[in-house]
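Asker: Below are the sequence and a predicted model for it; my questions follow.
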Amino acid sequence: MNKKWYYDDEFWITYGPVMFDRERIKSASYEIDNLIMLAELKPGQAILDSCCGQGRHSIIFSDRGFKVTGVDITAPYLKTARERSLEKGLDIEFVKADILDFVRENTFDGATNLYNSLGYFENPDDDLVYFKNIYRSLKPGGKFIIECSGKEVLAKDFRDCFWYEYDDFKIMVEYSINLNWTELETRWIFLKDGKETDAVFRHRIFSAMELAGLLSDAGFGMIEFFGDYDGSPYDQNAQRLIAIARK
C-alpha cells in the first residue's frame with residue numbers, strides 16, 4: 001500500500017463498513033453528549049470536527065445546537081456526510097482539506113480529533129504542525145478534545161489477532177507493535193463473496209505523557225485526561241485515552 005495510505009479514497013471506501021458499522025454510528029450520540037459535558041461546551045458555540053470522516057460526530061454536534069465545520073481529506077466520506085446532514089435538515093459546513101493546511105485563526109470554541117485519527121503522517125514532526133493549526137484555529141479559552149487508544153490501554157488489553165463477522169463479510173484483524181512501542185501496525189483481511197482483500201497500515205501511538213508534551217509544545221495550557229467518555233480517571237482501568245486541552 002502507498003505509504004500515504006490515509007490519502008487513498010479506495011482504502012476508506014473498502015474498509016468504511018468495518019470502521020463505521022451500525023453500532024459505531026449509533027454510539028456517536030453517547031460519545032458527543034458526554035464530551036460536551038466533560039469539556040463544558042455550550043450550544044451555539046462553533047465546533048471544528050477535524051478528521052470528520054462520514055460526519056457521525058458532526059451531525060450530533062449540530063443536532064445539539066452547535067455551529068459545526070467538519071474537515072476531512074476523503075471526498076467520498078464528505079459526500080456521505082453532506083447527504084446525511086441534509087436528510088436531517090442540519091446546516092453543517094463540510095470542507096475537503098488536509099489538516100496540515102487547514103487553519104482559521106481564532107474561529108472555534110472547540111475542536112475534536114476522535115476515533116484514532118492521530119499519528120498518520122509519515123513525518124512525526126507533522127503531528128506538532130497539526131496541533132499548532134488547531135491551536136491557532138481556536139479562540140482563547142477554546143478546547144481541543146482528543147480520543148484515541150493510548151499506549152497504556154493498548155498494553156493492558158492487547159490482542160494480536162481476532163475475527164468477527166458483519167452482514168455478508170468476515171474480517172480478520174491482526175495487530176503488532178513496532179519501533180519500540182511507537183507504532184501500531186494493523187492488517188485487515190476482508191472476506192466477501194469468496195474473495196479476499198487485505199490492507200496493512202501503520203500509525204504512531206501515544207502515551208498520556210507524550211500527548212501532553214505535544215499539546216504543551218503546541219501552546220496549550222491546562223490539559224486533562226480521562227479514561228472513558230464517562231469521565232472516569234485515566235488509570236489502570238481506562239478504556240480509552242481522552243484528552244481535553246485548553247488554549
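Answerer: Looks like it came in fine.

Asker: Residue 43 touches residue 62, doesn't it?
Answerer: No: using CB atoms under 8 Å, residue 43 makes no contact with residue 62, being 10.3 Å away. (Each C-beta comes from the backbone N, C-alpha and C, glycine too.)

Asker: Looking at those two, which has the bigger crowd around it?
Answerer: Per other CB atoms under 10 Å, whichever of residue 43 and residue 62 has more neighbours is residue 62, with 22 against 10.

Asker: Provide the secondary structure category for that one.
Answerer: helix (DSSP: H, G, I helix; E, B strand; the rest coil).

Asker: From residue 45, how far out is it?
Answerer: Separation of residue 62 from residue 45 (CB to CB, to the nearest Å): 12 Å.

Asker: and residue 201, what element?
Answerer: Element membership for residue 201, per DSSP states H and E: strand 195-204.

Asker: All the strands of this protein, residue numbers only.
Answerer: Along the chain, counting by DSSP state E, strands occupy 46-50, 67-72, 93-96, 108-113, 138-148, 161-166, 169-178, 183-192, 195-204, 223-226, 241-246.

Asker: Show me the contact partners of the third one.
Answerer: Meaning strand 93-96. 52, 55, 58, 68-73, 75, 78, 81-82, 85, 102 (CB atoms under 8 Å, 6 or more residues apart in numbering).

Asker: closest to residue 241 among the residues you listed?
Answerer: Residue 241 has its nearest neighbour among the contacts of strand 93-96 in residue 52, at 19.8 Å by CB to CB.

Asker: Contacts only, for the closest one.
Answerer: Contacts of residue 52 by CB under 8 Å, 6+ apart are 58, 70-72, 77-78, 81, 94.

Asker: again, only this time at 6 Å
Answerer: 58, 70, 72 (CB atoms under 6 Å, 6 or more residues apart in numbering).

Asker: what pLDDT does the closest residue to it other than its chain neighbours get?
Answerer: Of all residues not flanking residue 52 in the chain, residue 70 sits nearest, at 3.3 Å (CB to CB, 6 or more residues apart in numbering). Residue 70 is assigned 98 on the pLDDT scale.

Asker: I'd say residue 70 and residue 55 touch.
Answerer: Yes: Residue 70 lies in contact with residue 55 (CB atoms under 6 Å); the separation is 5.5 Å.

Asker: Which positions within stretch 106-116 qualify as buried?
Answerer: 108-116 (16 or more other CB atoms under 10 Å).

Asker: Which residue in those residues has the weakest pLDDT?
Answerer: Ranked by pLDDT, the buried residues of stretch 106-116 bottom out at residue 116 (88).

Asker: Would you agree that one is in contact with residue 148?
Answerer: Yes: using CB under 6 Å, residue 116 is in contact with residue 148, at 5.0 Å.

Asker: how far is the strand holding residue 201 from where the chain is centred?
Answerer: 18 Å (CA atoms, centre = their mean, to the nearest Å).

Asker: quick one, it and strand 169-178 angle?
Answerer: With axes from the mean of the first three to the mean of the last three CA atoms, to 10 degrees as the basis, strand 195-204 and strand 169-178 are set at 30 degrees to each other.

Asker: Can you name every helix or strand that strand 195-204 contacts?
Answerer: Applying 3 or more CB pairs under 6 Å, 6 or more residues apart in numbering; DSSP states H and E, one finds that strand 195-204 contacts strand 183-192.

Asker: Domain-wise, how is the protein divided?
Answerer: 5-149+207-246, 153-201 (automatic domain parsing).

Asker: Next up, phi/psi of the residue of the chain most remote from its centre, please.
Answerer: Taking CA atoms, centre = their mean as the measure, the residue most remote from the mean C-alpha position of the chain is residue 194, 31.8 Å away. When read as degrees, to the nearest 10, the backbone of residue 194 gives phi 80, psi 0.

Asker: how many other residues sit next to residue 35?
Answerer: Neighbours of residue 35 using other CB under 10 Å come to 24.
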